[in-house]
Structures are given as structure tokens and as C-alpha cells.
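*Asks:* can't give you the sequence, but here's the structure:
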């Protein structure tokens, strides 16, 4: 199969190792040696659903008891940033039948389903209600902040994996980073599954709850004096403004109750500019 | 426009700075504050054409005087990796009319055109012939290795920018990195335009031509002892096998004629895994 242009490859050579991501240089060697196609893991199709009767599409009129749906836009964009194919289904109300029908409709094109909302304690929680009855999705409280209420399991004939993330915008985004991103990368055969953590000097102190891993929005930059990070905004999981101002998450271990200014912290840098 | 969920944003606050890439966190704040759409720079549409009557599609029979087209696959993949929308037109022969017709057909969907081949001295060079007559594309020899023969200008009614890259697979890929990637990023409003260089210890010595910037394929890794890079394969611009084994380019300045083992070099790390 060896073309004239490929003088540094011999018959029997392995062209690419298993698990290699097919980028431009890999496409070059495959084409140059005459492969019209190769078996590869496709980009997973991720269906994103926001649940909650209080949600409105951006641009619609907003009542005193309603909010705009931000999660489905953010989670679909996050899935795309992870190189998946994202389908934003948008808003599903708290009607159990509507959620059941939507999931049923969407499973035909889903390799993975991500919902947000409807998994807390207290108010009526449609996701817990509908999926809890199936017995294939487990709901639990996870020792993290934000993002405590989580669910994971499978749905449908093909046992399609589903993540049910909390409804608060920051919680759902952080939950995507912690749980969904590694799943997407694993489905694509990409290593490492998790975003590698970077060590940086924390430029301001803050407290952290004992017994829960805390993910703090931060502003990360590499300076002449090394990598630095500054916490951004408050800690409320509803504070979406500070999320958009941040470019990283500071990961504070369970046992840590206070991070002092000048100490070294682990940082997940979120923006992949190159 | 401020929804209930956005307690850390006030009327009059700037939500995002000009030039911000719209990722998941930016989508979140825009949706949460009720924006159904915003003005943004679209992903540029990049049309990729390989020229040369000797080229064959991978999988086709290969004669003694033909080679498989690798460039259009590699350049289209490189454009996609840069977040552009890539259209691989594929192979155009050395017939001037075929190239003229192809460009004319493609310009309707192109924000940028990238060709490879047909720009050297010596043999008949169709790209130089066809585009040279228009007077809007300049052909020159650039003080770099690989990638000496280059052309750039505009074509068509809309003055669509066109890069005419050399035909050798490694030359065309390196030329894309040096010239086309910054153009795509500039069209998208992304900063920095060029891939930032990383400093690394070079683990083996090699020679470099005086008066030309050399781009050497390398294997880059970050070890406990710091960033290290090892040159990969030979220097011939036809050595596509070593290109697929590399993950970076070592950039050797014009004035340098030898890089010694253990010295510090500048490296463009090509793989964007996160």
C-alpha cells in the first residue's frame, strides 16, 4: 500500500498506535499510504435536556417565577468543546410524561444523555421521579461543592448512559467537568480521561467545607513568576456571572478547610485555546 | 434582561469582553441573561484543494508515476483542528482550466482557499500559471525549511484570501502551521494568532541551514526534569512517516547552524488534547 511519497515507512511498520487521535498528521500518513478509510471511534452524540417548568428560552418574556434556561446551552457547548456532537433538545417541563416522551424520542440519536435539574430534595423533581421508577439510574449525594445531587445510570433498549446533573447553572457545569467530560473522552478512546491538573500559587485565601471536594471558579494565568490563580466571585452555585469571568476551577481536597494566600493549589484550566 | 438566576450581574455590566471565544461558560451567561442571539464571528469556511496530475485518491490503484493525495486530508483536518469549517475538494489535475473552474465553483462557499502543489520551480506548475496571470497572488521564496515556495493573495469577486502551499506533505503541513493557522485565528478574532512557543531541552543535536528558519519534527514531553524534546526522523520534506510520529515542531532561528544536545530550543506543541 506504500506510495512513492512515503520513503520512511516500510511494509509491516505500524503506522499509528491504537488509541491515537486522528488529527492532521495522522490523516496524512493514512492517506499517503493509501487507506481510504480506517476503523475509528466516532464522536459520541450527546443529547442535552434541561428540565423545569420555570425555565424559559432566552428572549421569551420572563415572569417573576421563571428564569432563562442557561444549562442546555452551556452543556451543549461543553460537549462540543470536548469534540462530541451535541444536540440541544432544550427545555422539558415538570410533566413526567413529557420527560418520558422526550427521552424516548431522543434515544434513537443518543450515545449519551445529559439532563440538568429535577434531582434535588424537596420540591417535585421530575427526573428523579421518572428515572427512579426504571431502577437503572442511581441517585446519590456526592461529597463535592457545588454539585451535590447527582444521578447516573442507563436508559432505553441500548442501555444508553445518562447523567442527571443538578439544575443550578454552576453546579451543572462543574458536574459536567467532573463526570461527563471523562465519560465522553473515554467513549472517544482519548487519554487522559480527566483534564490534567496544573499546580499554581493561589493569590488570595478562602474557606472550604470539610468533607467535600470544592471546585472554586478562578482566573488562571502564567506569569514570569510562575502559574498563578485568583478565586473569582462568590461560592453560590447560582452565581453564573462569575462563572463566565473565570477560566479555571481550583480543586480543593475534602480535608482542606482553608486555602491560604500564597499556597499551592491544583487547578483545572478550562479553556483550550490551542 | 436579567433573570433571577443571575444575582452577580447588574444592569449595565459588560457580560463579556470583545474578542471572547464563545464557549460553554460564555453561552451560560448569555442564555441566563436572556440573549437569544449575539453577533459573533463565524467559523471561517476553508476550501482545501490538492493539485497535481500525479495524485490519486487513497484506495485507488497506484502507478509507478503516481502518489496518494495526503495533503488535502491533512490540511482539512488541520483547519478543523483550528475550529474552522473545512471543505476538502480533493484532487485537481495540472489542467489550467480544471483549476480555474474548481476555484470559480468553490469561491461561493469559501472564506479562505488553501491549495497545495504547483508552486515550485522547474516542472509545470499549474497554480503559479493560473493564479500568476490574475496578478493578485504573489509567489515568493520564503527563508524557511521546509516550505520555501509560497504564494499568497486574493481571488474572485470578494477578494477571497488564498494560500498556495508547496506540494510536499511535510512542507504543506508546516506551511499551514506557520501561515494559515494564524490567518484562521485572526479571522475568528482569537488571540494569540500564533501558537505560543514553549521552551524545552533538546535531547539530541542536529544541524540547521544558515539563513533559513528550520521547523524540525519532534517528540515533546513534560518530564519531572522539565520540558524535553527529541528530533524525530530525517529532514526531507517528503518524510511523512516521521511527521505522523511527531507531536511538535522545533523552531530553529535563521542564524543557528547547529543545535547541540542539552540546549534550550523553542517548540510549537501541535496536539491540543484538552
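*Replies:* Received it, and whenever you're ready, just let me know what you need. The structure displayed is predicted, hence computed values, not measured ones.
*Asks:* tell me the secondary structure for the residue in the stretch 51-200 of chain A positioned nearest to chain B?
*Replies:* At 3.2 Å from chain B, residue A:59 is the closest residue in the stretch 51-200 of chain A, using C-beta to the nearest C-beta. Using the backbone N, CA and C atoms, a C-beta is placed for each residue, glycine as well. Under the three-state scheme (DSSP: H, G, I helix; E, B strand; the rest coil), residue A:59 adopts coil.
*Asks:* ok, how many other residues are close to residue A:151?
*Replies:* The number of residues packed near residue A:151 is 21, by other C-beta atoms under 10 Å in any protein chain shown.
*Asks:* Bridged to the nearest residue to it once chain neighbours are set aside, which residues?
*Replies:* Of all residues not flanking residue A:151 in the chain, residue A:164 sits nearest, at 3.5 Å (C-beta to C-beta, 6 or more residues apart in numbering or on different chains). On the basis of DSSP bridges, residue A:164 is bridged to residue A:115, residue A:151.
*Asks:* And the contacts of the lowest-mean-pLDDT helix or strand in chain A?
*Replies:* Lowest by mean pLDDT, DSSP states H and E among the helices and strands of chain A is helix A:240-245, with a mean of 84. With contact meaning C-beta atoms under 8 Å, 6 or more residues apart in numbering or on different chains, helix A:240-245 is reached by A:70, A:169-170, A:173, A:217, A:219, A:232-234, B:5-9, B:13, B:15-16, B:25-26, B:28-29, B:32.
*Asks:* Report the distance from that helix to the chain centre.
*Replies:* 16 Å (C-alpha atoms, centre = their mean, to the nearest Å).
*Asks:* And for stretch A:74-88?
*Replies:* That offset, for stretch A:74-88, works out to 8 Å (C-alpha atoms, centre = their mean).
*Asks:* Could you check it against chain B for contacts?
*Replies:* Yes - using C-beta under 8 Å from any C-beta of the partner chain, stretch A:74-88 reaches chain B at A:74, A:75, A:76, A:77, A:78, A:81.
*Asks:* Report the buried residues of that stretch.
*Replies:* A:74-82, A:84, A:86-88 (16 or more other C-beta atoms under 10 Å in any protein chain shown).
*Asks:* same deal with stretch A:51-71?
*Replies:* A:51-52, A:54-56, A:58, A:62, A:66-71.
*Asks:* Need those residues in CSV (columns: distance to residue A:206, secondary structure and pLDDT).
*Replies:* Shown next, in CSV, are the buried residues of stretch A:51-71 (distance: C-beta to C-beta, whole Å; DSSP: H, G, I helix; E, B strand; the rest coil; pLDDT from 0 to 100):
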residue, distance to residue A:206, secondary structure, pLDDT
A:51, 32, strand, 96
A:52, 30, coil, 94
A:54, 31, coil, 93
A:55, 31, strand, 96
A:56, 34, strand, 96
A:58, 32, coil, 96
A:62, 33, coil, 92
A:66, 33, coil, 94
A:67, 27, strand, 93
A:68, 29, strand, 95
A:69, 30, coil, 96
A:70, 25, coil, 95
A:71, 25, helix, 97
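*Asks:* quick one: which of those residues is nearest residue A:20?
*Replies:* Of all the buried residues of stretch A:51-71, residue A:20 sits closest to residue A:71, with 33.6 Å by C-beta to C-beta.
*Asks:* That'll do, ta.
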